[in-house]
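> Return atomic coordinates for the entry below.
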Amino acid sequence: MSLLDHMPHLATAKRLVITKGSIGGSKATPGAVVFSGVSCWRQPAGDSEITKAAARGITITDKVYFNADPELDENHVLEIGGKSYDVISYSEPDAGAGIGPPYRIMVNRTTRDT
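You can find the predicted model right below:
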């Protein structure tokens, strides 16, 4: 039995919606729920992953693994364990995890309300 059979976290994904503020500005707010209660495994991103992303002007804090393609992109936000994460990358197969071919997305911890 592998970790893929017992991923330790549950995720809720919401699509971001652009809303207009009262003074004309816009902001992204979580909208419709895409899925809820999906098993996943959230881990802190490694130093090399953080450095590589930072060199491209991107901030990441964590990576999240799923058993199947969650079909998420930068237009989504994840909630895992009561914390919010902006999705930074498209989901992609990750053969380098050493536990099979799970799908990985890179995320950034946010204080946005979900």
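> Give the pairing partners of the longest strand along the chain; include direction for each.
Taking DSSP state E as the criterion, the chain has its longest strand at strand 26-44. Sheet pairing for strand 26-44, assigned by DSSP bridges, gives strand 9-20 (antiparallel), strand 62-66 (antiparallel).
> Against which helices or strands is the helix or strand following the shortest one packed?
Remark: after strand 62-66, the chain's next helix or strand is strand 76-80, criterion DSSP states H and E. Applying 3 or more Cβ pairs under 8 Å, 6 or more residues apart in numbering; DSSP states H and E, one finds that strand 76-80 contacts strand 9-20, strand 26-44, strand 83-87. All C-beta spots, glycine's among them, are computed from the backbone N, C-alpha and C.
> what's the angle between the following helix or strand past the longest one and strand 62-66?
Right, strand 26-44. Going down the chain from strand 26-44, the next helix or strand is helix 47-55, by DSSP H and E. Angle of helix 47-55 versus strand 62-66, following axes from the mean of the first three to the mean of the last three Cα atoms, to 10 degrees, is 110 degrees.
> Distance from the chain centre to helix 47-55, please.
Centroid separation for helix 47-55 versus its chain: 16 Å, with Cα atoms, centre = their mean, to the nearest Å.
> Which residues does the helix or strand of the chain with the lowest mean pLDDT contact?
Lowest by mean pLDDT, DSSP states H and E among the helices and strands of the chain is strand 92-93, with a mean of 74. Defining contact as Cβ atoms under 8 Å, 6 or more residues apart in numbering, one finds that strand 92-93 is touched by 101-105.
> Also stretch 69-80?
Here stretch 69-80 has contacts from 9-16, 30, 34-35, 38, 40, 42, 64, 84-91, 103, 105, 107, 110, 112, 114, using Cβ under 8 Å, 6+ apart.
> can you rerun that using 7 Å?
Applying Cβ atoms under 7 Å, 6 or more residues apart in numbering, the contact partners of stretch 69-80 are 9, 11-16, 30, 34, 38, 40, 42, 64, 84-88, 90-91, 103, 105, 107, 112, 114.
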